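Everything below, folded, please.
(2 chains, ligands or ions: 2)
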Amino acid sequence: MTKRQTRLFFIVGTLVFAGIFVGLTVDSHRQFGRLTNADLITADVSAGKDVWHDNNCINCHTLLGEGAYYAPDLTKITQHRGVPYLTAFLEDPSRFYSEEQYRRLMPNPELTDREIEQVLAFLDWVSRIDNQGWPPRPILVTGSRFAGVEAGARTADAASDEPVALGQTLFSQSPATCSACHSTAPGVQLAGPSLAGIGTRVATLLAEGGYGGSATTAEGYLREAIVQPSAHLVPGETFSAEGRSFMPDNYSQLLTDEQVDHLVDYLLTLR
Amino acid sequence: MRYRSQRIAYAYFAVALFLYGLQLAFGMLSAAKYLGPDPLIDILPFDVTKAIHTNLLIVWVLTGFMGAAYYVVPEESRTEIYSPRLAYWQLGIWTVNGVVAVVGYMFGWTEGNKLLEQPVPVKITIVIVMLMFLYNIFRTMMKGGRWTTTENVLVAGLGLAALLYLPALLQFHNYTVSIFYRWWTIHLWVEGVWEMVQAGLLAYLLIRLSGADREMLEKWLYVIVGLVFIAGIIGTAHHYYWVGVPQYWLPLGGIFSARVQLALFAMAMWAYFAMRRSGFSHPNKLAIHWTVGSAIYTAFGAGLLGLAHTWPSVNKWTHGTLITPMHGHSAFFGAYVMVVLAVVTYAMPHLTRDGDEGRESTLGYWAFWLQAAGMLGMTMAFATAGIAQTYLERIMGLGYLETQLKIQVHFLMLIGAATVFSVGAACFIWDFFRQRPIELFGGPGPEVDADRPAPEAVLT
Ligand code: HEM
Ligand SMILES: [Fe+2]
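Ligands and ions are numbered 1, 2, ... in the order given. All right, here's what the predicted structure looks like:
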């Protein structure tokens, strides 16, 4: 090979592959709209993107897995936590997390109510992007995907079609991901109360009064707690505000009736 | 040094090394925050220290590249720099712009886009400075009229780097689209045109240090840069995983970024054989260390560790974990830090008063080995932390915050290795500044050592 030939190799090779790359780029543009639900980019989503950038959130967090590694990935955060919870969190993160416990804390971003609304609209739009199903399993901020264990083996047989097992699997999997907020270990409080012993606790509550909802049985109570979380509130400063539970209120749409039944069946076994 | 205007390089190197020191200070601060708790949380939170850390890296490496070009191009073109005054103005504006950006970050003046945080006025100034630089260098090359392959590749790399910065000025409505074009800048820099700069500088150093035949080296230079582009351009796909782009980028990312290996491996071989042929006889042994070191470390950090997480089925689990900085640190260090330090080490004897090429500097060797070993340690710390994180958080499903608590020991390891590294860097910086530079302005005669023959005349 002479130098002229290798130069030709360099120039032709580069041009050919740059050409292919540009072609693929044009094709990608044809698909961006569909893959990202561009029609859902409202003025709020757009403004929320600016809030995200202006506050440098990307230099602590990852979004779509890109960014910095100091804070949790937020790609699916709005599917794990509802707007009421996230609003309260962004108003004052130190109410929900302690630096003593985790050795780091999100500084108060000092956003206005409107900015919080917008950035959450943006994050919600991001969570719906078709990104080849990533992450393959939910990434949690705290807690554990596996009920009752911090980092142990899976206790239920995922392949089983027995309702309790199905409920237990669903508990830690998308779209329910209850485990993002509830531990089943006694005393482990995440964003929501621990559900250890809930089966027994509910029976006592119903028998002793102090419950204002419309359920009369434990099953009914749990079903209501899932699909209508604000009907009865577990007391706790970080659980609700102004009579509104921080638990997402859209499970009646996200889950089928059958799935809710499985969850209830599973929760009843926690005694 | 044969040409007076090559002295400009000294000023660029001095600024670059100063910023290098600053970069490490902000890096240490960020690592300390990983350990926590953070007493500075309300004054200087992690996002600020981290943005400053990475921005300083890019700025000082570019400063080093420009200094290197001001040193290399006169020799290659056999003529003085077109306008030394312009070169100093350029450095001045560049430095002030950098200071403004860093201070701005501390007060929340940022675009909050990873690695491209510079606010628009800062970005525009960067473009203007790059144009000043390219104009100056281009006029020099025209004046010399030699257009050697080595300088062509070097300057084309820097020109394309300026060009690829332009997409960063665009604003996109759609976050996915803005990610898509962010990588045109970042990926096509580090796995494309910067690689071209690195290869150009390596070619220059190998010609000078090994005396290997220029024709032969430059012939292979084209092959290497060609391989880099053939694989690297479409290799951008490995940043298009899981961000909302069409499915076909997944296999493309896997296949093409695996092929980059070929280019990086070829580069290491190229440097090694060029050196072996001549028997390492050049008196500036330290410069040989940095030159060969750069080629080998690149194959490790960019090549091997890039490959480690570039396959989509692996990246699915590691994406967004500490595995990414494992690779990012060793790749940047091997490819760009080491090559800049190689040029500085090679050029220093020509830029200082004693001008002894065979100067044996114990401190210089400490600087080399402590940095090389320190970076290896940091890479291992990030790797072990990243593997543990991937396993606990992504596979076992433990919460992010609990996982971070479990991997504290790796952060301690990181800080330990980073300390070793920083001591090495401090040795380098100290060794640089303790040597007295030749007079930077005015000074005797048109050519400081015109009586010395052109290096090539000796070597070929
Ligand atoms: C000198 C060359 C290289 C440098 C300086 C470099 C640097 C970096 C940096 C800084 C990142 C993090 C970027 C970010 O998250 O914003 C990164 C990511 C990445 N690099 Fe490289 N890299 C180089 C070569 C390579 C090669 C040769 C490969 C593949 C064989 C590779 C594969 C990857 C992958 C897959 C990621 C994305 C990781 C993820 O986000 O999941 N890199 N690189
Ligand atoms: Fe890349």
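
where does the stretch 51-200 of chain A have low pLDDT?
A:145-159 (pLDDT under 70).

can you give me the strands for it?
Listed in chain order, the strands found in the stretch 51-200 of chain A under DSSP state E, counting those that start in this stretch are A:62-63, A:66-67.

Nearest to chain B, out of these?
Taking Cβ to the nearest Cβ as the measure, these were each checked against chain B, and strand A:62-63 came out nearest at 4.1 Å. Backbone N, C-alpha and C define where each C-beta goes, glycine included.

wait, does that closest one make contact with chain B?
Yes. Contact of strand A:62-63 with chain B is found when judged by Cβ under 8 Å from any Cβ of the partner chain, involving A:62-63.

on that earlier part again, right, and the strands of the stretch 51-200 of chain A - which one's nearest residue A:249?
Relative to residue A:249, the nearest member of the strands of the stretch 51-200 of chain A by Cβ to Cβ is strand A:62-63, separated by 24.7 Å.

strand partners of the closest one, parallel vs antiparallel please.
Strands adjacent to strand A:62-63 in the sheet, as given by DSSP bridges, are strand A:66-67 (antiparallel).

what does the stretch 101-250 of chain A have sitting close to chain B?
A:102-105, A:107, A:122, A:126, A:129-132, A:134-146, A:150-151, A:172, A:179, A:190.

ok, of those residues, which come out buried?
Members of those that pass the buried threshold by neighbour count (16 or more other Cβ atoms under 10 Å in any protein chain shown) are listed as A:102-105, A:122, A:126, A:129, A:131-132, A:134-135, A:137-146, A:150-151, A:172, A:179, A:190.

The residues of the stretch 101-250 of chain A next to chain B: which ones sit near ligand 1?
Among these, none lies close to ligand 1 by the criterion of Cβ under 6 Å from any ligand atom.

From the residues you listed, which land in helices?
Mapping those onto helices (DSSP state H) picks out A:102, A:122, A:126.

buried stuff in stretch B:303-316?
For stretch B:303-316, the buried set under the neighbour-count rule, 16+ other Cβ under 10 Å, comprises B:303-312, B:315-316.

typed the wrong thing, it's stretch B:168-176
B:168, B:174-176.

what about that stretch, how long is it end to end?
Distance between the boundary residues of stretch B:168-176 (Cα to Cα, to the nearest Å) amounts to 14 Å.

chain center to that stretch: distance?
26 Å (Cα atoms, centre = their mean, to the nearest Å).

and what of stretch A:175-183?
When distances are taken as Cα atoms, centre = their mean, stretch A:175-183 is centred 8 Å away from the chain's centroid.

Now tell me what touches that stretch from outside.
When contacts are taken as Cβ atoms under 8 Å, 6 or more residues apart in numbering or on different chains, the neighbours of stretch A:175-183 outside the stretch itself are A:79-81, A:85, A:138, A:140-141, A:143-148, A:170-172, A:189-196, A:247, A:251, A:254-255, A:259, A:263, B:397.

how many neighbours does residue A:61 have?
By the measure other Cβ atoms under 10 Å in any protein chain shown, the count of residues near residue A:61 is 22.

Touching, it and residue A:77? I think so.
No. Residue A:61 sits out of contact with residue A:77 when judged by Cβ atoms under 8 Å, with a separation of 9.2 Å.

does the residue of chain B found nearest ligand 1 count as helix, strand or coil?
When scored by Cβ to the nearest ligand atom, chain B has residue B:306 as its residue closest to ligand 1, at 2.4 Å. Reducing the assignment to helix, strand or coil with DSSP: H, G, I helix; E, B strand; the rest coil, the entry for residue B:306 is helix.

What does the pLDDT read for it?
Looking at residue B:306, its pLDDT stands at 95.

That one is in contact with residue B:259, isn't it?
No. Residue B:306 lies out of contact with residue B:259 (Cβ under 8 Å); the separation is 11.5 Å.

Provide a list of residues in contact with residue A:163.
Counting by Cβ under 8 Å, 6+ apart, residue A:163 touches A:261-262, A:265-266.

I meant to write residue B:243 there.
Residues touching residue B:243, when contacts are defined by Cβ under 8 Å, 6+ apart, comprise A:64-66, A:129, A:131, B:176, B:179-180.

Next, it: phi, psi?
According to degrees, to the nearest 10, the main-chain angles of residue B:243 amount to phi -120, psi 10.

Next, work out how far apart it and residue B:253 are.
Here the criterion is Cβ to Cβ, to the nearest Å. By it, residue B:243 lies 11 Å from residue B:253.

now do residue B:347
Between residue B:347 and residue B:253 the distance is 38 Å, computed by Cβ to Cβ.

Tell me which of those two has more neighbours.
Each of residue B:347 and residue B:253 had its neighbours counted (other Cβ under 10 Å), and the higher figure belongs to residue B:347 (25 against 22).

Helix or strand: which one has the closest residue to that one other than its chain neighbours?
The shortest distance from residue B:347 to any residue other than its chain neighbours is 5.1 Å, reached at residue B:71 (Cβ to Cβ, 6 or more residues apart in numbering or on different chains). Taking DSSP states H and E as the criterion, the element that holds residue B:71 is helix B:46-77.

distance between that helix and the chain's centre?
7 Å.

and that helix with ligand 1, contact?
No. Looking at helix B:46-77 against ligand 1 by Cβ under 6 Å from any ligand atom, there are no contacts, and the closest approach is 8.0 Å.

can you list the domain ranges for chain A.
Structurally, chain A divides into domains by automatic domain parsing as follows: A:37-140, A:156-267.

Tell me, what's the model's pLDDT at the residue nearest to residue B:347?
At residue B:71 the predicted local distance difference test score is 97.
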